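*Asks:* Take a look and give me a structure for this.
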Amino acid sequence: RREVVHIIARDGLKLVGYLTRASVERRTPLVLLVHGGPWNERDYGGFDAMSQWFANRGYACLQVNYRGSKGYGKTFRNKGDKQWGIGSMQNDLTDSVKWAIDQGIAEEDKICIYGGSYGGYACLAGLAFTPGLYKCGVCMGGFCNVKALLDSIPSYWKPLRNSMLRRIGNVDTDEEWNRKISPIFHADSMRDTPLLLGTGARDPRVPLADSDQMAKALSGSVEYCVYPDEGHARCRPANSDFNDRTELFLAQHLGGRMEILARPSN
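*Replies:* Down below sits the predicted model:
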């Protein structure tokens with residue numbers, strides 16, 4: 001079933017989330033599904049195919065509108081300024097996981113963080129900055145180097161780039177800040193946690209070289225999937241095998257059900 005939940009972050013801010021449970025009678029493994037954006041997106045109530053998929057496989061699915069998400073006013077959005085990675089945006093996700101454990105929803109040692117785009121960044125940041133909290137992570141099209149993300153923005157998007165710098169922090173001039181919030185510089189903290197990492201070779205926001213570097217830095221703890229004909233979002237039906245890979249990956253690390261018609265070939 002799916003329900004609206006309210007979670008109080010460590011600084012007292014109220015967060016709205018959506019919880020889809022596989023069972024209301026016992027704890028289950030949990031998938032924290034993080035939306036992208038972050039400022040132009042949010043999670044909604046009602047039917048959600050991804051969360052229903054996870055619940056069908058035996059996992060609770062928690063989606064949280066962390067600070068910076070749209071739909072809750074300017075003050076809420078602005079609370080996410082300069083809070084990527086090591087700040088309150090990521091803390092909101094951490095606090096939400098701890099809430100699910102405290103409420104008897106999630107098994108403490110069977111939690112996965114899953115996301116794409118900014119959600120993929122949050123996945124990598126979760127493994128890098130809160131080691132031990134997550135049993136595994138699934139990242140699709142997530143950026144591991146924030147400066148490289150900003151550098152990928154074309155010149156005719158300059159006003160958007162300037163806005164992003166104000167919200168993220170000036171990674172152009174502050175190299176130390178970029179290193180603090182970019183997971184690629186914290187691979188040592190991530191190597192003990194299994195990661196399923198997917199990327200499109202034609203992604204205009206996440207350079208393939210960055211994803212390659214992330215995969216190389218994690219070596220034995222990562223399953224790396226490159227889709228030559230995809231961009232920032234995985235759209236082509238022929239590449240739906242990433243769902244199969246995800247099912248198998250979650251079953252291996254969280255112990256849920258899987259229904260895979262054919263084992264991914266590579």
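*Asks:* residue ranges with poor pLDDT in the protein?
*Replies:* Per-residue confidence of the chain (counting by pLDDT under 70) places the weak regions at 231, 234-236, 239, 260-266.
*Asks:* any chance you could map the strands in it?
*Replies:* 2-8, 14-20, 28-34, 60-65, 106-116, 136-140, 195-200, 222-227 (DSSP state E).
*Asks:* Please name whichever of these is nearest to residue 242.
*Replies:* strand 195-200 (5.3 Å; C-beta to C-beta). All C-beta spots, glycine's among them, are computed from the backbone N, C-alpha and C.
*Asks:* And the closest one, what does it pack against?
*Replies:* With contacts defined as 3 or more C-beta pairs under 8 Å, 6 or more residues apart in numbering; DSSP states H and E, strand 195-200 has these neighbours: helix 118-129, strand 136-140, helix 208-218, strand 222-227, helix 241-254.
*Asks:* Would you mark the buried spots in the fourth one?
*Replies:* Translated: strand 222-227. Of the residues in strand 222-227, those buried under the neighbour-count criterion (16 or more other C-beta atoms under 10 Å) are 222, 223, 224, 225, 227.
*Asks:* go on, the last one?
*Replies:* Residues 241, 242, 244, 245, 246, 247, 248, 249, 250, 251, 253, 254 are the ones in helix 241-254 that count as buried (16+ other C-beta under 10 Å).
*Asks:* Distance to residue 163 added to those, as JSON lines?
*Replies:* As requested, the buried residues of helix 241-254 are arranged in JSON lines below (distance: C-beta to C-beta, whole Å):
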{"residue": "241", "distance to residue 163": "36"}
{"residue": "242", "distance to residue 163": "31"}
{"residue": "244", "distance to residue 163": "38"}
{"residue": "245", "distance to residue 163": "35"}
{"residue": "246", "distance to residue 163": "33"}
{"residue": "247", "distance to residue 163": "38"}
{"residue": "248", "distance to residue 163": "40"}
{"residue": "249", "distance to residue 163": "35"}
{"residue": "250", "distance to residue 163": "36"}
{"residue": "251", "distance to residue 163": "41"}
{"residue": "253", "distance to residue 163": "38"}
{"residue": "254", "distance to residue 163": "38"}
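*Asks:* of all those residues, which comes closest to residue 95?
*Replies:* When those are compared for distance to residue 95 (C-beta to C-beta), residue 254 comes out closest, at 21.0 Å.
*Asks:* what's near enough to touch the closest one?
*Replies:* Residue 254 sits next to 29, 31, 59, 110, 111, 112, 135, 136 when contact means C-beta atoms under 8 Å, 6 or more residues apart in numbering.
*Asks:* What separation is there between the fifth one and residue 56?
*Replies:* With distances defined as C-beta to C-beta, to the nearest Å, the gap from residue 111 to residue 56 amounts to 18 Å.
*Asks:* Output the helices and strands packed on strand 195-200 in CSV, with distance to residue 91 appended to each entry.
*Replies:* Formatted as CSV, the entries for the helices and strands packed on strand 195-200 read as follows, by distance: least, C-beta to C-beta, whole Å:
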stretch, distance to residue 91
helix 118-129, 9
strand 136-140, 17
helix 208-218, 23
strand 222-227, 25
helix 241-254, 23
